[in-house]
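**Q** sequence first, predicted model second:
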Amino acid sequence: MKGRVTKQRDLDGVTQPGRRRRELALVVARRRRRRRRLYPPVGVAIVVLLIMFANLGGSTGGNVGQTQSITNPRLDIKPDLSARENRAIDHILTYTQFFRQGEPRKREVALTFDDGPGPYTPQILSILERHHVPATFFEIGLELQYFHASTSKQVAGDYVIGDHTETHPMMGDLSESLQKAEILDQAQEIEQYGAPFPRLYRPPYGSFDATTFSLLRRFHMLMVLWSADTEDYTQPGAQVIVQRVLEDAKPGAIILMHDAGGTRTQEIEALPEIIKKLRARHLKLVTIPRLALDDPPPRNQSQPTSLSGD
């Protein structure tokens, strides 16, 4: 952003020593959870076997041994994206793998929130609901075991959930198998609370490499970056956060904020004023899929640079 010198730092507001401690704790927790998945209780295993035998013996008309998708039993949960929005994402993926800013065809901007769900997410959601503002949340899978109530509320509301990995690592430093696990484990976590497989992905710390793009191609996912960085994790004060949004909030802008990963009281204070002032400029607040439909990224985007150095 013009006029500001950005020091080398995390994108998500965690100091390097603090980030390493956090990542270590997350990795240990993930390993424990994987062990629980690998060794389910005997009763659960028996139920799974019974379901398998029932499917094989049923008169479904399908071929024996054919893989069947598991439908979400919560039929009251609406689809995350409309068919038109899904097609818009598919179209973007035919010419680019990332979305930094939309073409200013309409006066739309997208609010995005990283690192949730967390203890401040309910307050963020309350403000958005009160002002009838849709938004996109890039969630960390591991956080759902503590704050999944917010995820369920997002699924039922006018919000979209994207993939921000399972444990928030530097993806550019990981092998292909570990990167794949980070993406798919998060997708599995949010699915438990009614969310479909995410079409959108945001790299923690802005870290990615060619392997990341290869995996996103395989999973038909679009990497979502940003054009307006509030740097709210530095805790600069609510008014500074508001001003930073207004500096770069042009039609097609993707605004980066955080609803977790640290103390978010300044974001909560700033958000109502951000909404009010954006609307005063006759800018419509939309989700990333809606922005993809109305204001897709241009074909001549400059290639993004990974902050991991790759």
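**A** Yep, it's here. Numbers count the residues shown, from 1 in each chain.
**Q** could you list the low-pLDDT ranges of the chain?
**A** Residues of the chain meeting the criterion pLDDT under 70: 1-80, 307-310.
**Q** any idea where the helices of it begin and end?
**A** With DSSP state H as the criterion, the chain has helices at 16-38, 42-57, 83-92, 121-130, 144-156, 176-191, 210-219, 238-248, 265-280, 288-294.
**Q** hey, which of those is tucked in deepest?
**A** Comparing the helices of the chain by mean neighbour count (mean count of other CB atoms under 10 Å), helix 288-294 ranks first with a mean of 25. C-beta: built from backbone N, CA, C; applies to glycine.
**Q** and that one, what other elements does it pack with?
**A** Judged by 3 or more CB pairs under 8 Å, 6 or more residues apart in numbering; DSSP states H and E, helix 288-294 is in contact with helix 83-92, strand 108-116, strand 159-163.
**Q** wait, which of the helices of the chain is closest to Phe137?
**A** Judged by CB to CB, the one of the helices of the chain that comes nearest to Phe137 is helix 144-156, at 5.8 Å.
**Q** the closest one to strand 108-116, inter-axis angle?
**A** 160 degrees (axes from the mean of the first three to the mean of the last three CA atoms, to 10 degrees).
**Q** what sits up against helix 144-156?
**A** Residues from elsewhere that reach helix 144-156 (CB atoms under 8 Å, 6 or more residues apart in numbering): 33, 77-78, 80, 116-119, 121-122, 125, 137, 139, 161, 189-190, 192-195, 260.
**Q** what subset of those residues is buried?
**A** Buried members of the contacts of helix 144-156, scored by 16 or more other CB atoms under 10 Å, are 33, 80, 116-118, 121, 125, 137, 139, 161, 189-190, 193-195, 260.
**Q** and these, which two are furthest apart?
**A** Longest span within the buried ones among the contacts of helix 144-156, CB to CB: Arg33 and Leu125, 25.7 Å.
**Q** buried residues in stretch 222-242?
**A** 222-233, 235, 238, 240-242.
**Q** could you do stretch 169-177 as well?
**A** Using 16+ other CB under 10 Å as the test for burial, stretch 169-177 gives 169-172, 174.
**Q** just give me the closest of the residues you listed to Lys284.
**A** Met171 (32.2 Å).
**Q** that closest one is in contact with Pro204, isn't it?
**A** Yes: contact criterion CB atoms under 8 Å: Met171 and Pro204 qualify, at 6.7 Å.
**Q** shared neighbours, the two?
**A** Common contact partners of Met171 and Pro204 (CB under 8 Å, 6+ apart): Thr165.
**Q** and the residue nearest to Gly162 when sequence neighbours are not counted, bridged to which residues?
**A** Setting aside the residues directly before and after it, Gly162 is nearest to Leu200 in space (CB to CB, 6 or more residues apart in numbering), at 3.6 Å. Beta-bridge pairing of Leu200 under DSSP bridges involves Leu222.
**Q** next, count neighbours for Leu200.
**A** Residues near Leu200, counting by other CB atoms under 10 Å, number 26.
**Q** so who does it touch?
**A** Taking CB under 8 Å, 6+ apart as the criterion, Leu200 is in contact with 89, 136, 138, 160, 162-163, 221-222, 224, 288-289.
**Q** of those, which is the nearest to Asp295?
**A** Nearest to Asp295 out of these is Ile288 (CB to CB; 10.5 Å).
**Q** count residues in the vicinity of the residue nearest to the closest one when sequence neighbours are not counted, would you?
**A** Ranked by CB to CB, 6+ apart and with sequence neighbours excluded, the top spatial neighbour of Ile288 is Thr136, at 4.5 Å. By other CB under 10 Å, the residues close to Thr136 number 25.
**Q** Thr136 touches Ala110, doesn't it?
**A** Yes: counting by CB under 8 Å, Thr136 touches Ala110, with 6.2 Å between them.
**Q** what sits in contact with each of the two?
**A** Residues touching both Thr136 and Ala110 (CB under 8 Å, 6+ apart): 287-288.
**Q** just want the most central residue of the protein.
**A** Nearest residue to the geometric centre of the chain (CA atoms, centre = their mean): Phe138, 2.0 Å.
**Q** so what sits opposite that one in the bridge?
**A** Bridge pairing for Phe138 - DSSP bridges - gives Asp114, Gly162.
**Q** residue contacts, it?
**A** 112-116, 161-164, 200-202, 224.
**Q** closest to Phe99 among those?
**A** Of the contacts of Phe138, the one sitting nearest to Phe99 (CB to CB) turns out to be Val224, at 5.1 Å.
**Q** contacting residues around that closest one?
**A** Neighbour list for Val224: 98-99, 112, 136, 138, 162, 200-202, 254, 288 [criterion: CB under 8 Å, 6+ apart].
**Q** at 6 Å what do you get?
**A** 99, 200, 202, 288 (CB atoms under 6 Å, 6 or more residues apart in numbering).
**Q** also Ala195?
**A** Taking CB under 6 Å, 6+ apart, we find Ala195 in contact with 155, 161.
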